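Visitor: just need the structure, nothing else, for what follows:
(2 chains)
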Amino acid sequence: MDQATTSPSGSQNLFDVVWDQHSVGQLHSGQTQLFIGQHLIHEVTSPQAFEMLRDRGLGVKYPERTLATVDHIIPTDDQARPFADGLAEEMMSAIERNCREFGIELLGLDDSRQGIVHVVGPELGLTQPGITLVCGDSHTSTHGAFGAIALGIGTSQVAQVLATGTLAMNRPSVRRIEVSGALSEGVFAKDVILAIIRELGVQGGVGFAYEYAGDVFDAMNMEERMTVCNMSIEGGARCGYVNPDATTLEYLRGRPAVPSGADFERAATWWLSLASGPDASFDDHVRIDGAAIEPTVTWGINPGQSVGVGETLPAPAECSAEEQAGVEEALQFMGLEAGQPIRGQAIDVAFIGSCTNSRLSDLREAAAIASGRRVAEGVRALVVPGSQQVAKEAEALGLDRVFSEAGFQWRAAGCSMCLAMNPDKLQGREMCASSSNRNFKGRQGSPTGRTLLMSPAMVAAAAVTGQVTDVRDLAAQAT
Amino acid sequence: MSNSQVTRISGTAIPLLMDDIDTDRIIPARFLRCVTFDGLGEHAFEDDRQQDPGHPFNDERFAGAGVLVGGRNFGCGSSREHAPQALIRWGLKAIVAESFAEIFFGNCTALGIPAVTLKRDRLESLVADVQADPTIEVTADLEAQTLAWGDQVAAAELPESARTALVSGEWDFLSQLLANGDAISETAAAIPYINGFGNE
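Guide: Numbering: from 1, shown residues only, chains lettered A, B, ... in the order given. Have a look, this model is predicted:
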């Protein structure tokens, strides 16, 4: 039920304030018609949406609030056109034609701003506090890091947003997740979100927006906040956000789509005013001790099936009746044993990349581990920057050379092996240490391929040792 | 433009009572290399089917089923509308599960496919009955909010907004959203980042 208010009240949280501000009205079904301030599109979930517009003779209502990029299907090695994969080439041609025809700006491969949609939006300053942002991609929750309502949507909804600038949505409840204290050395944002999902379950967030708060989030930089918000959907929450603060403002200042000068100050005042105040009310509240979070690794086939790197895998009999069948299925698919330690588990492939962990700070943390070491024999290791701009910044710091000298392949920006709609794929039963977001069966391109999710530094540690390794053991050694 | 009203769906059922079935499993990503949804039906659950000859989608007894019976958190993961599109093209007209992931649920509704929830014990009885007799007809009634099969009737729930949209035939929201053009402009004009943060 919407209670429209015209100004933020003390008891409203950021989500409710932003929702009310964007609420156009209520549809007959009871859903809210929500105005969308920024629409991001990519090549996989948009072609059918443009066809729907053509079928109905509709145009794009706010082309200036729509931006397209290409990420899922593009090769990260040989990018010469036409692509070797005819289907990928067809999709690429389709988004080029659609953007041209409907007047939408496209960041193609020849544009230095191209990259993974959830890396590019923040980088350009399009993702701002207080906006509503959608994309036909479940990891759109990433953009909540700025205090935006950011939602993944389906293709029919992409068509609706293109045609009307609005979306039909049920208002979710808001759960505040407070992570207090300080993270230990070697524990990263990825570990925080994996720990949250382990605690609340992969379905625990259905019907909720997650507000992430507390000391740990206050101390995080924007890239770390993006990593956490990115995986909200893996916990069932369609969106997650962090309240805007001084860290947010500093990240935004000077970016191309962000106002400058006096306009910036005016915007900043509004942005900060949106943050949930001390009296803000929530539908639910969860508290987690940040100091207790360990480097975390998934061992199963959903992102909630994880353990701290020092733990052993659960036995189905120890799990709740609800979980038993899933744990059995996961152990069998993964070829792992109940009771075995995750540390020491051999890997075949190491992947650093994806919209979760492909930003500059991720690459720096991984490079710090890779530096002066060598990828273990028999391990195939890839580093895929999230955008051309990340690649350029990393190269300016010499990170590409650190990785190359260590035996990692340094690739061009794209989604790469996160979902394997491009040539980067697991083969057969390969076991992959991955900084991506999903360990679903077959996710990385081989129907029988296996994924262990972990932080980029942990992936680098696994790459150089050939097995799951506690990154703190390597960080402690002089190289 | 209004759609057809979705009030009662009947058909035989296909049981897949597993939890956390993600959309990568429903339609593996390589089949998303396409610019239309045509042809997705034959690839529904392709990788699971390859690895498990006994998978229900390989089982002739369930060919032609109209109602899929799933478990908890059905359709989690990727937002790909290709997942319900593949299930529709395979022949499904309704999905019954213990619970659904949110984006998948919304995609189903937007395509006129009811996704209703049943209590676990009722799902288990339904699956047992369907296994015993795959020809048994299952009927989802959105007005009565029930699922009926044989001599059984179970409460079948779905959020009121989705139920209203399906029953009234207004499940394709595009025309409704388009109808409010003036309200959209008014709302937009009052939003600070749209109006230059109040700067004339």
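Visitor: who is A:Trp66 paired with across the strands?
Guide: If you look again at residue A:66, you'll see it is Thr, not Trp. Beta bridges link A:Thr66 to A:His39, judged by DSSP bridges.
Visitor: hang on, it packs against A:Ala163?
Guide: No. Under the criterion of Cβ atoms under 8 Å, A:Thr66 makes no contact with A:Ala163, lying 11.2 Å away. C-beta: built from backbone N, CA, C; applies to glycine.
Visitor: what residues do those two have in common as contacts?
Guide: Both A:Thr66 and A:Ala163 are contacted by A:Val60, under the criterion Cβ atoms under 8 Å, 6 or more residues apart in numbering or on different chains.
Visitor: now do A:Arg81: how many residues are near it, please.
Guide: Using other Cβ atoms under 10 Å in any protein chain shown, A:Arg81 is surrounded by 10 other residues.
Visitor: for the nearest residue to A:Val44 once chain neighbours are set aside, grab phi and psi.
Guide: Leaving out its chain neighbours, the residue that sits closest to A:Val44 by Cβ to Cβ, 6 or more residues apart in numbering or on different chains is A:His72, at 4.6 Å. When read as degrees, to the nearest 10, the backbone of A:His72 gives phi -60, psi -50.
Visitor: contacting residues for A:His72?
Guide: A:42-44, A:414-415, A:419, A:421-422, B:32.
Visitor: which regions of chain A lie under the pLDDT threshold?
Guide: Low-confidence segments of chain A (pLDDT under 70): A:1-10, A:478-479.
Visitor: try 50 this time
Guide: A:1-8 (pLDDT under 50).
Visitor: for it, what's the longest helix?
Guide: If you go by DSSP state H, chain A has its longest helix at helix A:86-102.
Visitor: does the residue nearest to B:Glu160 when sequence neighbours are not counted count as helix, strand or coil?
Guide: In space, B:Glu160 comes closest to A:Gly30 once its chain neighbours are excluded; the distance is 6.2 Å by Cβ to Cβ, 6+ apart. Classification of A:Gly30 by DSSP: H, G, I helix; E, B strand; the rest coil places it in coil.
Visitor: touching, A:Gly30 and B:Ser161? I think so.
Guide: Yes. Between A:Gly30 and B:Ser161 there is a contact at 4.4 Å, judged by Cβ under 8 Å.
Visitor: joint contacts of the two?
Guide: Joint contacts of A:Gly30 and B:Ser161 (Cβ under 8 Å, 6+ apart) are A:Asn170.
Visitor: returning to what we had before: buried ones in the following helix or strand past the longest helix of chain A, by neighbour count?
Guide: Using DSSP states H and E, the helix or strand that follows helix A:86-102 in sequence is strand A:105-107. By 16 or more other Cβ atoms under 10 Å in any protein chain shown, the buried positions in strand A:105-107 come out as A:106-107.
Visitor: cool, stretch A:175-191 as well?
Guide: A:175-179, A:183, A:186-191.
Visitor: how about the residues of the stretch 1-150 of chain A that lie near chain B?
Guide: A:21-25, A:27-31, A:33, A:35, A:37, A:44-45, A:47-48, A:51-52, A:56, A:58, A:61, A:72-73, A:85, A:87-88, A:90-91, A:94, A:128, A:130-131, A:136-138, A:140 (Cβ under 8 Å from any Cβ of the partner chain).
Visitor: which ones among the residues you listed are found in strands?
Guide: Using DSSP state E, the subset of the residues of the stretch 1-150 of chain A next to chain B located in strands is A:23-25, A:33, A:35.
Visitor: residues contacting residue 109?
Guide: In the absence of a named chain, this looks at chain A. A:Leu109 touches A:70, A:74, A:79, A:81, counting by Cβ under 8 Å, 6+ apart.
Visitor: hmm, I had chain B in mind actually
Guide: B:115, B:162, B:165-166, B:171.
Visitor: sorry, back to before: columns secondary structure and distance to A:Gly326 on top of the buried residues of stretch A:175-191, output as TSV?
Guide: Output for these, formatted as TSV (DSSP: H, G, I helix; E, B strand; the rest coil; distance: Cβ to Cβ, whole Å):
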residue	secondary structure	distance to A:Gly326
A:Arg175	strand	23
A:Arg176	strand	28
A:Ile177	strand	23
A:Glu178	strand	28
A:Val179	strand	26
A:Leu183	coil	29
A:Gly186	coil	29
A:Val187	coil	26
A:Phe188	coil	26
A:Ala189	helix	26
A:Lys190	helix	22
A:Asp191	helix	22
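Visitor: which of these lies closest to chain B?
Guide: Nearest to chain B among these: A:Arg175, at 13.8 Å, using Cβ to the nearest Cβ.
Visitor: could you find the closest non-adjacent residue to the closest one?
Guide: A:Asp284 (4.1 Å).
Visitor: hmm, A:Arg176 and that neighbour touching each other?
Guide: Yes. The criterion here is Cβ under 8 Å, and A:Asp284 meets it with A:Arg176 at 7.4 Å.
Visitor: spatially central residue in chain B, please.
Guide: Nearest to the geometric centre of chain B sits B:Cys108, at 3.7 Å (Cα atoms, centre = their mean).
Visitor: buried residues in the helix or strand containing A:Phe403?
Guide: Using DSSP H and E, A:Phe403 maps to helix A:399-406. Buried residues in helix A:399-406, defined by neighbour count with 16+ other Cβ under 10 Å: A:399-400, A:402-403, A:406.
Visitor: what helix or strand does A:Ala381 sit in?
Guide: strand A:380-383.
Visitor: quick one: strands adjacent to that strand?
Guide: Sheet partners by DSSP bridges: for strand A:380-383, these are strand A:349-352 (parallel), strand A:409-410 (parallel).
Visitor: what's the most buried one of these?
Guide: The highest mean neighbour count among the strands paired with strand A:380-383, using mean count of other Cβ atoms under 10 Å in any protein chain shown, belongs to strand A:349-352: a mean of 28.
Visitor: so how far is that one from its chain's centroid?
Guide: 17 Å (Cα atoms, centre = their mean, to the nearest Å).
Visitor: rewinding a little: buried ones among the contacts of A:Leu109?
Guide: For these, buried by 16+ other Cβ under 10 Å: A:70, A:74.
Visitor: which one of the contacts of A:Leu109 is nearest A:Val468?
Guide: A:Ile74 (30.1 Å; Cβ to Cβ).
Visitor: which of the helices or strands spans the closest residue to that closest one other than its chain neighbours?
Guide: Setting aside the residues directly before and after it, A:Ile74 is nearest to A:Gly414 in space (Cβ to Cβ, 6+ apart), at 4.6 Å. Element membership for A:Gly414 (DSSP H and E) is empty, with no helix or strand holding it.
Visitor: residue contacts, A:Gly414?
Guide: Residues in contact with A:Gly414 (Cβ under 8 Å, 6+ apart) are A:71-72, A:74-76, A:115-116, A:384, A:422.
Visitor: contacts for stretch A:381-391, please.
Guide: With Cβ under 8 Å, 6+ apart as the criterion, stretch A:381-391 contacts A:76, A:111-116, A:118-120, A:123, A:349-355, A:358-360, A:363, A:366, A:375, A:394, A:400, A:403, A:406-414, A:416-417, A:424, A:463.
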